[in-house]
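# Any chance you can model this:
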Amino acid sequence: MAKPIQRITVIGAGAWGTALASVARRAGRDVTIHAHESETAAAINGHHENTVFLPDIPLDREIRATPDLQDAASGADAIMMVTPAQFLGHTLRQLAANNHASVPLVICAKGIELKTGLLMNEVAEAAAPQATLAVLSGPTFAAEVARGLPTAVTLACADSALATQLADALGTPSFRPYTASDVVGAEVGGAIKNVIAIACGVVDGRGLGQNARAAVIARGLAEITRFASALDADPRTLMGLSGLGDLTLTCTSTASRNYSLGATLGSGTSFKDAMAGRKTVAEGATTAPAVLTRAAALGVDMPICAAVNAILHAGAGIDETIAEILARPLRPEG
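Numbers count the residues shown, from 1 in each chain. All right, here's what the predicted structure looks like:
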């Protein structure tokens, strides 16, 4: 019989990591959260609140925070990896070097590694080859999850028994993990939707209308599905919570960091100024060039992602880029 999952470690004390710590504690687990910043750990332990990344939301007093990575991982039955995507590999290598990465790893970061074009599960397989991997993804705003508002997510794992065990360990009446086996599909949907959300923000910031935003969402989903299919993922995964669900949420709300970044750009602010002073990560800004690297290798055309990357990183003008998109030849939908 598999070891019960009672002690859960959350690596990453940003808003999403803090919310997931609350989820695990609400489900009755013993929870430790690793905070990179010692002041964040002190605030969680002393004031039972993450005053920097998730303010004004009280945390269970039994949640323990520590700035010591190895201390956080010691004795865990499962580890939830909620670091920014570009730091996942480095953090996992640290854990693996101290034999703390042999327990199930639940990847909660959404992105593609910039220097390699690898998905997060591929990064994890290389950094911690002994670990069994799962992916948690879906339409989730951290503050709502932390407050216990109803949320449903995809929990994908090739090991169906482990997927069920993890879902049982995290599930509550207000947090519903739906299990799946398509790890790659869940990863792709969660990563690329951030780039499409920036595009939707640009559309709204430029005042192009709701018709245009809906078109970007639909054509963005087509790009995501083509990319996933090229990696042999199940296209049906992209119709679920980790695909269409996450895309819809992220592309339509000002609470989305990626959408809000795009809206700021669309209103005329430069990328440099839009990023200045941000405490939280808009993963789509880094995912845009990373996804194009992988798409080129796969032979997948991704014009919306290419347009976002050109605006963010190549100095392309927004109006000119939009005109180029609108001038593309008409083609069958698909």
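# all contacts plus neighbour counts: C-alpha atoms, from now on.
Fine.
# Give me the residues contacting stretch 131-138.
Stretch 131-138 is contacted from outside by 101-108, 110, 121, 124-125, 152-158, 163, 183, 186-187, 190, 241-243, 245-246, using CA atoms under 8 Å, 6 or more residues apart in numbering.
# from those residues, which would you call buried?
101-108, 110, 121, 124, 152-157, 163, 183, 186-187, 190, 241-243, 245-246 (16 or more other CA atoms under 10 Å).
# mind showing which ranges of the stretch 101-250 of the chain have poor pLDDT?
When residues are selected by pLDDT under 70, none of them lie in the stretch 101-250 of the chain.
# so where do the helices sit in it?
120-127, 142-146, 160-170, 183-205, 210-230, 246-252 (DSSP state H, counting those that start in this stretch).
# Centre of the chain to the longest one, how far?
Right, helix 183-205. In this view, helix 183-205 has its centroid 10 Å away from the chain centroid, taken as CA atoms, centre = their mean, to the nearest Å.
# That helix to helix 120-127, inter-axis angle?
130 degrees (axes from the mean of the first three to the mean of the last three CA atoms, to 10 degrees).
# Which secondary structure elements does helix 183-205 sit against?
Identification of packing neighbours for helix 183-205 by 3 or more CA pairs under 8 Å, 6 or more residues apart in numbering; DSSP states H and E yields helix 120-127, strand 133-137, strand 151-156, helix 210-230, helix 246-252, helix 257-266, helix 284-298, helix 303-313.
# Same question for the shortest one.
With contacts defined as 3+ CA pairs under 8 Å, 6+ apart, the secondary structure elements packing on helix 142-146 are helix 15-26.
# In stretch 182-198, which residues are buried?
By neighbour count, and taking 16+ other CA under 10 Å as the criterion, the buried residues in stretch 182-198 are 182-198.
# List the beta-bridge partners for Met81.
Under DSSP bridges, the beta-bridge partners of Met81 are Ile11, Ile107.
# For burial, what's the neighbour tally of it?
For Met81, the neighbour count with other CA atoms under 10 Å is 24.
# cool, Leu20 as well?
Taking other CA under 10 Å as the neighbour definition, Leu20 ends up with a count of 25.
# ok, it - contacts?
Taking CA under 8 Å, 6+ apart as the definition, contacts of Leu20 comprise 10, 145-146.
# Gly277 in helix, strand or coil?
When the structure is reduced to helix, strand and coil (DSSP: H, G, I helix; E, B strand; the rest coil), Gly277 reads as coil.
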